[in-house]
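Chemist: Sequence and predicted model, in that order:
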Amino acid sequence: MRDDNATICLNPYMLTAREQEFAHRLEDVLSRKICILGGRAAAVSEVNQKDRARRMAQRLGIPVAPGEIVELPMGTDGRPADLGLLEETIRRYLPETGRVIVRGACGSSGSSLFTLQEKDIGSGLDLIRRRVDNSVYLVESLFDLVVSPNIGVFIDPVEGEVSCVSITDQVFDPNTTYVGNTYPSRAKTVHRMVEYSRQFGRHLWDMGLSGYVGFDFCEYEDCSNTPICFFSEVNPRVNGATYAQAMWERVATRSNYSGTYRPEAFAAASALTKARTFEELTAIYGRHFIGRGRSTGLIPYNTGCLYEGRCSFMLLGRSLDHVRNLWRIVREDLSLGQASEERMGLDFWAAEHDQIR
């Protein structure tokens, strides 16, 4: 039976002007109000700029890494015309730690990110000189990070209440490209990060944003081994941790009713695989899949990209040590010939976890 009073809510991956226009047209067709998570497309676009998000954090009193925002003059070909100011800024912040991180104001998953030492300045500037995607760059001191958590919040589209929905640690490959998440977080200052995220979330609500938002933070230890955290960037959308957290909660809830071990940890990452169908995927990994009466093991997801040889995997265990040991067992199946060339983000996580321990 149709309920004409039921709320219709659209939940796009990330709100843009196109999704907003679609919602308006749908309202005309249905003659009903449509709720769309994300709020205002213009506000989403603004906060998605790393330089603007950094300035917002500073105005809110949320700590950021030492650094500056550099706007480059652009040539008629769409490329930077002069990198003198950028080089000057890089050299100004190098002495802090001996390394800097240079990030374009636009770009995701490390697509416009450069980590530079003194010897890398020339080659790094050459790479930036060829790009056409950014005219604004952030130059910040690069610390030896212990962990980089992602704090996920949900901003209620009606009341504006900001709720923390996920706390995970991000996994990066050797090129500083994001590949996945782990839970629980190892950050010692996570309580501060959550409060900063709620504070920032309330500001985003005032701007007209709602729905899922992810805040990236970094934690390092100073010379006295005191943990220090700072804000890195905000993603006004669902992110990789959103899916993994939802699956973990589903399995954990089911385990409470089934009497099986409750998974208390997970690692999730992307993968390159020779499997091109779910049947082939099952042939390689099937014995590790979570199933009836079993709440620890492997879950493949984002399987729609299998035809391209890519998939995402999630390992659930009783602790991060247990998850790491499960991964070693799974890796044994990848040495059986047909899957020996597979490469997965969990490799980077396992190596990083061993080193930190």
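Modeler: Thanks, I have the structure now.

Chemist: I'd like to know how many residues surround residue 221.
Modeler: Residue 221 has 14 neighbouring residues, counting by other CB atoms under 10 Å. C-betas here are computed from N, CA, C, even on glycine.

Chemist: Distance of the nearest residue in space to it that is not next to it in sequence relative to residue 132?
Modeler: Leaving aside its chain neighbours, residue 221 sits nearest to residue 227 (5.7 Å; criterion: CB to CB, 6 or more residues apart in numbering). For residue 227, the distance to residue 132 (CB to CB, to the nearest Å) stands at 39 Å.

Chemist: can you check residue 279 too?
Modeler: Residue 279 is 42 Å from residue 132, by CB to CB.

Chemist: How about residue 61?
Modeler: Distance of residue 61 to residue 132, computed by CB to CB: 36 Å.

Chemist: out of the two, which sits in the more crowded spot?
Modeler: residue 132 (11 against 8).

Chemist: mind listing what the more buried one touches?
Modeler: Going by CB atoms under 8 Å, 6 or more residues apart in numbering, residue 132 touches 77-79.

Chemist: re earlier: is it true that the residue nearest to residue 221 touches residue 219?
Modeler: Yes - counting by CB atoms under 8 Å, residue 227 does reach residue 219; the two are 5.6 Å apart.

Chemist: neighbour-wise, which of these two wins?
Modeler: Each of residue 227 and residue 219 has its neighbours counted (other CB under 10 Å); residue 219 has more, 23 against 15.

Chemist: elements contacting the helix or strand containing the more buried one?
Modeler: Per DSSP states H and E, residue 219 falls inside strand 211-221. In terms of contacts (3 or more CB pairs under 8 Å, 6 or more residues apart in numbering; DSSP states H and E), strand 211-221 is packed against strand 145-147, strand 149-155, helix 190-207, strand 227-235, helix 240-258.

Chemist: switch to 10 Å and redo it
Modeler: Counting contacts by 3 or more CB pairs under 10 Å, 6 or more residues apart in numbering; DSSP states H and E, strand 211-221 packs against helix 41-47, helix 50-59, strand 145-147, strand 149-155, strand 162-172, helix 190-207, strand 227-235, helix 240-258.

Chemist: ranking those by burial, who's on top?
Modeler: By mean neighbour count, with neighbours taken as mean count of other CB atoms under 10 Å, strand 149-155 ranks first of the helices and strands packed on strand 211-221 at a mean of 24.

Chemist: what's the angle between that one and helix 190-207?
Modeler: 40 degrees (axes from the mean of the first three to the mean of the last three CA atoms, to 10 degrees).

Chemist: So for strand 149-155, mean pLDDT?
Modeler: Computed over strand 149-155, the mean pLDDT rounds to 96.

Chemist: ditto for stretch 278-290
Modeler: 90.

Chemist: now swap in stretch 91-110 and tell me
Modeler: 89.

Chemist: Kindly report the same for stretch 213-227.
Modeler: Mean predicted confidence for stretch 213-227 is 96.

Chemist: before we move on, what about stretch 262-270?
Modeler: Computed over stretch 262-270, the average pLDDT equals 91.

Chemist: so who does residue 288 touch?
Modeler: Taking CB atoms under 10 Å, 6 or more residues apart in numbering as the contact definition, residue 288 lies against 294, 296-300, 313, 315, 326-327, 329-330, 333.

Chemist: and if you look at residue 301?
Modeler: By CB under 10 Å, 6+ apart, the neighbours of residue 301 are 243-244, 246-247, 268, 311-314.
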